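> Just the structure for this:
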Amino acid sequence: MEYGKLIAVTGMPGLFELVSSKSDGAIVRSLDDNSTKFASTRQHQFSHLESIEVYTVRDNVNLTDIFKAMESAGGKLPDEKDAKAIKTYFEKVYPDLDFERVYTSDMKKMVKWYGIISAKGIEIKLTEVAEEEAPVEEAVVEEEAKPAKKAAKKKAEPKAEEVATEEAPKKKAAAKKKKED
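Numbering: from 1, shown residues only. Purely as a prediction, here's the structure:
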């Protein structure tokens, strides 16, 4: 299982693996009990863990940075229900966290999610390599397509001389028809 396929679904507790996506929702597999469900986009929103950022005193950081700090701190995770213990835990693990904008409920989710990820043995890493390569390839494709588009445009747009010569016979034919009627 890859970290890049993990998502959080609103209204559904825990973390899920994205199995397949459809136009009206997604098929997700729960990491808790391995049950597969359909989650409709009408009722749920999906957040990839890779795309979640956390407020800090400086710049926002990706959730993976928080998870890696939790991993390097080691030790036992605080109880999810003890808000004070969770706050003191994050003050030790990641002191740059902006505690005015990151709510206790968010910290509880991070502790719960990290517990699930570490229990499943999922490696916490971003898949940036694939994302960086795609825009480069698209830029090359667009540059190659530009001359082709210009050539197609030239073929599609007739020259002014051609337009004048084509319209002249049509006008003469229309004038002949009027005279005959």
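> mind listing what's buried in stretch 37-56?
The neighbour-count criterion (16 or more other C-beta atoms under 10 Å) identifies Ala39, His44, Phe46, Leu49, Glu50, Ile52, Val54, Tyr55, Thr56 as the buried residues of stretch 37-56. Yep, even glycine has a C-beta here, placed from its N, CA and C like the rest.
> Assumed the fifth one was part of a helix.
Yes - judged by DSSP: H, G, I helix; E, B strand; the rest coil, Glu50 forms part of a helix.
> going forward can the numbers begin at 690, since that is how I track them
Fine by me, first position is 690 from now on; the one you just mentioned is Glu739.
> for it, what are its contacts?
By C-beta atoms under 8 Å, 6 or more residues apart in numbering, the residues touching Glu739 are Tyr692, Gly693, Leu695, Asn751, Leu752, Thr753, Leu815, Thr816.
> Swap in 7 Å and give it another go.
Tyr692, Gly693, Leu815, Thr816 (C-beta atoms under 7 Å, 6 or more residues apart in numbering).
> so can I have a markdown table of these showing distance to Glu780?
What follows is the contacts of Glu739, written out as a markdown table (distance: C-beta to C-beta, whole Å):
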| residue | distance to Glu780 |
| --- | --- |
| Tyr692 | 26 |
| Gly693 | 30 |
| Leu815 | 25 |
| Thr816 | 31 |
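> Of these, which is the most crowded?
The residue in the contacts of Glu739 with the most neighbours, by other C-beta atoms under 10 Å, is Tyr692 (18 neighbours).
> Is it correct that that residue is in contact with Ser807?
No - using C-beta atoms under 7 Å as the test, Tyr692 is too far from Ser807 to be in contact (11.8 Å).
> Three-state assignment for Pro702, please.
Under the three-state scheme (three-state DSSP), Pro702 adopts coil.
> how close does it get to Val782?
Applying C-beta to C-beta, to the nearest Å, the value for Pro702 to Val782 is 23 Å.
> mind checking how far the residue nearest to Val746 when sequence neighbours are not counted is from Val750?
Spatial nearest neighbour of Val746, excluding adjacent residues (C-beta to C-beta, 6 or more residues apart in numbering): Asp785 at 5.0 Å. Asp785 sits 8 Å away from Val750, taking C-beta to C-beta as the criterion.
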